[in-house]
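1. one predicted model, sequence on top.
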Amino acid sequence: MGLLEELAGNKAKARAAAKELNVAQLENLIAGFNSALEKVKEEESVRLAAEAEKARQAEEIAKIIEKSGLTLDEIAALSAPRTTTKGRSVQPKYRIVVEGETHEWTGRGRTPKVFQEYFDAGNSRESCEI
């Protein structure tokens, strides 16, 4: 427990500690505590006002949901982020067989050597489309 918490919880200890200070020091300490008290009260009122605003907004949203006839599950499903293809594998678009080995390529990115050699030999991309 900190010293301030101990003094705040026990008036006798606070009075005993105050006896060690002169009047100017006590007045300065009291002014500091009053300033801190005002700041804490102000922060608390801002927090309570924010909570009240959130409660008002939640009530407003609940009314809109009720009017719409949708359930929360339906709203969650409809507002879920769309899945992207990033990180997913893409089906191959081209396939060739060279010396008994099958090579596949999606058509994206740099052309693999085996496909480039195939194209350089006069073959077209359409000839190896899947």
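-> Thanks, I have the structure now. Numbering: from 1, shown residues only.
2. what ranges do the helices span in this structure?
-> When secondary structure is read from DSSP state H, the chain shows helices at 3-9, 11-18, 23-68, 72-79, 113-120.
3. go through the first one and flag the buried ones.
-> Neighbour counts using 16 or more other C-beta atoms under 10 Å place L7 of helix 3-9 among the buried residues. In short, each C-beta sits where N, CA and C put it, glycine included.
4. same question for stretch 52-72.
-> Quick answer for stretch 52-72: no buried residues (16+ other C-beta under 10 Å).
5. tell me how far that stretch lies from the chain's centre.
-> Here stretch 52-72 shows a centroid-to-chain-centroid distance of 23 Å under the convention C-alpha atoms, centre = their mean, to the nearest Å.
6. I'd like the average pLDDT over it.
-> Confidence over stretch 52-72 (mean pLDDT, whole number) is 92.
7. thinking again about what came up before, pipe the helices of the chain into CSV and attach distance to R88 per row.
-> Formatted as CSV, the entries for those read as follows, by distance: least, C-beta to C-beta, whole Å:
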stretch, distance to R88
helix 3-9, 56
helix 11-18, 67
helix 23-68, 33
helix 72-79, 21
helix 113-120, 22
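8. of these, which is nearest S89?
-> With C-beta to C-beta as the measure, helix 113-120 is the member of the helices of the chain nearest S89 (18.1 Å).
9. helices and strands around the closest one, which ones?
-> Taking 3 or more C-beta pairs under 8 Å, 6 or more residues apart in numbering; DSSP states H and E as contact, the helices and strands that helix 113-120 lies on are strand 94-98, strand 101-105.
10. coming back round to it: please name whichever of the helices of the chain is nearest to Q91.
-> Distances from Q91 to each of the helices of the chain were compared by C-beta to C-beta, and the smallest falls on helix 113-120, at 16.1 Å.
11. let me know the angle separating that closest one from strand 101-105.
-> Orientation of helix 113-120 against strand 101-105 (axes from the mean of the first three to the mean of the last three C-alpha atoms, to 10 degrees) gives an angle of 90 degrees.
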